[in-house]
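Undergrad: I'd like to go over a predicted model; first the sequence, then the structure.
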Amino acid sequence: MDAAPILRCRGLGKRFAGVHALRSVDIDIYSGEVVAVVGANGAGKSTLMKILAGVLTLDSGEVFLSGQSVRFAGVRDAVRAGIALVHQELNLADNLDIAGNIALGREPNRFGFLDRKTMHTQAREWIERVGLDLSPASDVSTMSIGRRQMVEIAKALSLRAKVLILDEPTSSLSMGETSRLLTLIRTLANQGVAVVYITHRLNEVLDCADRAVVLRDGERVAEFSRDQLTRERLVGAMVGTIHESQRVELRSTNEKSQARLVVRGLQTQAHPKSTINLSVHKGEIVGLAGLVGAGRTEVLQSIFGVDRRIVGDVSLDGQIIAPSDPVVASRCGIAMVPEDRQRDGLMLEDSVRINASVVKIARDSIAGFIRRGAERTGVARMIDLIKIHPVLPERQVALFSGGNQQKVVLAKWLSTEPSVLLLDEPSRGVDVGARAEIHALIRKAAHRGAAVLCSISDTEELLLLCDRIVVMREGRIEGEMNIADATEDAITRLAVVGGEDVASHSEAAA
Amino acid sequence: MKKILGIAGIFLVIVIATSILSPNFLTAYNIENLLRRTSLFGILSIGVGFVILTAGIDLSIGGVVCLSGILTPYLLNQMGWSATETVAFILLMSIAIGVMQGGLVAYGRIQSFLVTLCGLLIFRGLARGVTMDQTQGFQGKFSELRWIGNGRVSIPGVEGFAIPAPVLSLIVIAILSMIFLNCTVWGRWMKAVGRSPSAARYSGIPVARLQILAYTLCSLLAGFGGLLFVCDVGSAQPSDFGNFYELYAIAAAVLGGYRLSGGEGSVVGVVIGAAVMQVLRNAIVLISWLPDTAEFAVIGLVILIGVLADEFLRRYAANRARTQAKGT
């Protein structure tokens, strides 16, 4: 570590409408180190990152880059100075291939014509560095969120940044990708890049960060060096109270009750060669584990009827239903919380009320007419249950934080008391506090009798939430385990090398 | 609500300016005429509003107006059908057109622009083909049916001014549309489809059926509008009856606060938007120093200014909401 920090921030302040988002924050970042920035939602992490990356301008304070005072007028300025930001929300152009996205804005050209060959050769280098096994000509629009995020990181790397800022880079990656990314971050740091990254996964901070800075309510409340880092200290500094204590509360015990959701002989379009059989009991929370691309999302989508099934039966309480589309599924009492809440979960420009009541109004209606009174009380009850903040049912849902938005998506379905609740990455991009609240809501639904099936990439979270874990790999179910027998290691092995091969390939997995 | 105030403000400004510039504007005869035209075009605009709400577009309105306007006198005179049979046929045909176009958009996944552009050509071509391009008229008969287009409802105690009959149709249609959009589940869902088709799908909303419903309502109102138009003017020429009416309807909807990207708009706004369009056209005719031939240029400019003003207001409001949200 050099004696002089590459990035030196003094007294950073930023206000929105008179309220401090950041208050006199000092941070030093040295070349070759990995600094984790943690904090609950609204703590000011994103504001801080956006200031460093030139997205927002400072109200007070100063930033020194390599000892020189700098003031970025925009993202381009920051990029030119060697600071690159990978956004939390994905910012790829759907109509371009991987190479086109990586080279966007600085495409190699020959006499003004696009030099596709050079572009692809250059892109291939970066794709390989993030460990993506794809051609530079692959279409971005059809890739999973996990892979798209990898492309985003490849793009940021290709900017040859001296300071690389990653805003929740692993929130959509699964175990395999995450460990690959953490390795990559280490490699980059060893090569002298300063890596700043925001994450909600404390395990990653413990694994990989040289230093962790904790923000709360716009202030820097703590800083831990590698040898001081413990989970308890981090959580304590972040929230004051420890949310994880809700962990065992409400875990459902009715293990031997009847099977509510039974899926037999299901073949999804993504993996037409493998057959899925699984069942979820009343009150049970089953987690689908696996790498990105293992086919977990497709299973959920097939059950809900979004993805047209090729073959297979879905039965509910012993009766075969064939949800050919979500309209039927939803009428049968199946609910689904999709992975991409901004695109598939919410009407962003509409209010919390409109979003939370969109399914319920039909159930409460008389001859197709909305019962306003029922709608209002229903929404009030839901808001009370999910505890969004601030309590403004008429405010646009886009203006709320990710955690609040996710709770609104949950409320939309919980209000209908579904018998099957399907969740795809229910706490992606959500802070620890909100995650605990979302878990509590899911458990409450299970307690009420819902069969819950959720796809979760984060092993830690799987162990925290589920009663049983089903591990998928390449479209197949590799195995399942009860929570009592499950360990992170066992899940990871199944997900990476599969069921039959565990013994012979255990070395490869490790 | 703010949006309606904006368009209502523009309406007042144009009305006041025109009444100052032309003494013939605020006469009973002229106002009656304006009310009639506004009602006729308002009905088309309410129709296209449904489609725009789902983030689609219907360019076939002019064609449907033409086909319905031509077929009405054609069926009555050439085929000898009764008024009831004719009206029933016109309305059923319009519904069928809407279902087909909506089906192509919803299930065929073809862009609405293309489907309805073809519709525009096909329906006008049909009208011209069936009649061999001959002008169709009522030949002085069927005055009872024609009342819905050219009739007047006198107000007791008022001389020289009566309410044009199409106003009644407009009021009924506007009220029914408002009830549909604001009070029913399907109305709420139609907006949801326009806001985010994929979020609507993931909420178990029958997206395709609602799209088809929107196109059906639009074509039905266009067909009914064509009927009223021909009843009003008495005859229709296949080659130009209803020309550009889809654009007037879309312009009125946009002026009235509908967003082409879907999910937003109100019936009251659309009706005022249609009124603005008609007052503008009227003003160009009445104001002596404005050449009538510049009609399209003036209308185009006013719509552009209206849409620009709206966009700036929207950005301003969005920015304010965002900064306020950050503050809490």
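TA: Thanks, I have it.
Undergrad: residue boundaries of the helices in the stretch 51-200 of chain A?
TA: A:75-81, A:98-102, A:116-129, A:145-158, A:175-190 (DSSP state H, counting those that start in this stretch).
Undergrad: looking at these, which is nearest to chain B?
TA: Nearest to chain B, of all the helices of the stretch 51-200 of chain A, is helix A:145-158, at 14.0 Å by CB to the nearest CB. Every C-beta, even on glycine, is put in place using the N, C-alpha and C of the backbone.
Undergrad: picking up where we left off before, which of the helices of the stretch 51-200 of chain A is buried the deepest?
TA: Highest mean neighbour count of the helices of the stretch 51-200 of chain A: helix A:98-102, a mean of 25 (counted as mean count of other CB atoms under 10 Å in any protein chain shown).
Undergrad: give me the phi and psi for whichever residue of chain A sits closest to chain B.
TA: Nearest residue of chain A to chain B: A:Ser330, at 2.6 Å (CB to the nearest CB). Backbone torsions for A:Ser330, taken as degrees, to the nearest 10, come to phi -60, psi -40.
Undergrad: that one: neighbour count?
TA: 25 (other CB atoms under 10 Å in any protein chain shown).
Undergrad: the nearest residue to A:Ile354 once chain neighbours are set aside: what secondary structure?
TA: Take A:Ile354 and drop its neighbours on the chain: the residue closest to it by CB to CB, 6 or more residues apart in numbering or on different chains is A:Met347, 6.7 Å away. State at A:Met347, reduced to three classes by DSSP: H, G, I helix; E, B strand; the rest coil: coil.
Undergrad: which residues does A:Met347 contact?
TA: A:354-355, A:358, A:397, B:192, B:195-196, B:199-200, B:263 (CB atoms under 8 Å, 6 or more residues apart in numbering or on different chains).
Undergrad: can you give me the strands for the stretch 101-250 of chain B?
TA: Here the stretch 101-250 of chain B has its strands, by DSSP state E, counting those that start in this stretch, at B:136-137, B:152-154, B:162-164, B:235-236.
Undergrad: counting by contacts, list what the third one packs against.
TA: What it means is strand B:162-164. Applying 3 or more CB pairs under 8 Å, 6 or more residues apart in numbering or on different chains; DSSP states H and E, we find strand B:162-164 packed against helix B:28-53, strand B:152-154.
Undergrad: ok, and what's touching it?
TA: Around strand B:162-164, the neighbours that count as contacts under CB under 8 Å, 6+ apart are B:32-33, B:35-36, B:39, B:150-155.
Undergrad: quick check, A:Val130 in contact with A:Glu152.
TA: No - using CB atoms under 8 Å, A:Val130 is not in contact with A:Glu152, being 9.4 Å away.
Undergrad: who's in contact with the spatially most distant residue from the centre of chain A?
TA: Most distant residue from the mean C-alpha position of chain A: A:Phe111, 42.3 Å away (CA atoms, centre = their mean). By CB under 8 Å, 6+ apart, no residues touch A:Phe111.
Undergrad: the closest residue to B:Thr18 other than its chain neighbours and chain A, how far apart?
TA: Leaving aside its chain neighbours, B:Thr18 sits nearest to B:Ala283 (4.2 Å; criterion: CB to CB, 6+ apart). B:Ala283 is 35 Å from chain A, where distance means CB to the nearest CB, to the nearest Å.
Undergrad: so for B:Leu145, what's the pLDDT?
TA: In this model, B:Leu145 is scored at 93, pLDDT.
Undergrad: mind listing what the closest residue to it other than its chain neighbours touches?
TA: Residue nearest to B:Leu145 in three dimensions, not counting chain neighbours: B:Ala83, with 4.5 Å by CB to CB, 6+ apart. Neighbouring residues of B:Ala83 by CB under 8 Å, 6+ apart: B:76, B:142, B:144-145.
Undergrad: I'd say A:Gly368 and B:Trp186 touch.
TA: Yes - contact criterion CB under 8 Å: A:Gly368 and B:Trp186 qualify, at 6.3 Å.
Undergrad: so which of these two has more stuff around it?
TA: B:Trp186 (19 against 12).
Undergrad: for chain B, what lies in contact range of chain A?
TA: B:183-186, B:188-189, B:191-192, B:195-196, B:198-206, B:263-264, B:321-328 (CB under 8 Å from any CB of the partner chain).
Undergrad: can you pull out the strands in the stretch 1-150 of chain A?
TA: Going by DSSP E, counting those that start in this stretch, the stretch 1-150 of chain A shows strands at A:7-16, A:19-29, A:34-38, A:60-65, A:68-70, A:83-86, A:109-110, A:113-114.
Undergrad: for the longest one, packing partners?
TA: Applying 3+ CB pairs under 8 Å, 6+ apart, we find strand A:19-29 packed against strand A:7-16, helix A:45-52, strand A:60-65, strand A:219-225, helix B:295-327.
Undergrad: give the contact list for the residue in the stretch 201-328 of chain B positioned nearest to chain A.
TA: Chain A sits closest to B:Gly204 of the stretch 201-328 of chain B, with a gap of 2.6 Å, by CB to the nearest CB. B:Gly204 sits next to A:326-327, A:329-331, A:359 when contact means CB under 8 Å, 6+ apart.
Undergrad: any idea of the pLDDT on the closest residue to it other than its chain neighbours?
TA: Among residues not flanking B:Gly204 along the chain, A:Ser330 sits closest, at 2.6 Å (CB to CB, 6+ apart). The model reports A:Ser330 with a pLDDT of 93.
Undergrad: please apply the same query to B:Asn30.
TA: 94.
Undergrad: I'd say it and B:Pro23 touch.
TA: No - look at B:Asn30 against B:Pro23 with CB under 8 Å: they stay out of range, at 10.4 Å.
Undergrad: more neighbours: which of these two?
TA: Between B:Asn30 and B:Pro23, counted using other CB under 10 Å, the more crowded position is B:Asn30 (17 against 9).
Undergrad: tell me how far that one lies from B:Glu295.
TA: 17 Å (CB to CB, to the nearest Å).
Undergrad: same question, B:Thr86
TA: Applying CB to CB, the value for B:Thr86 to B:Glu295 is 33 Å.
Undergrad: hmm, back to that, identify, from the contacts of B:Gly204, the entry nearest to B:Cys231.
TA: Proximity of these to B:Cys231 (CB to CB) peaks at A:Val327, which lies at 40.6 Å.
Undergrad: and for that closest one, the neighbour number?
TA: 18.
Undergrad: mean pLDDT, mean neighbour count and distance to A:Ala123 for the helices and strands packed on strand A:19-29 - can I get that in a markdown table?
TA: As requested, those are exported to a markdown table (pLDDT from 0 to 100; neighbours: other CB atoms under 10 Å in any protein chain shown; distance: least, CB to CB, whole Å):
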| stretch | mean pLDDT | mean neighbour count | distance to A:Ala123 |
| --- | --- | --- | --- |
| strand A:7-16 | 87 | 19 | 28 |
| helix A:45-52 | 85 | 24 | 25 |
| strand A:60-65 | 89 | 17 | 28 |
| strand A:219-225 | 89 | 16 | 37 |
| helix B:295-327 | 78 | 14 | 35 |
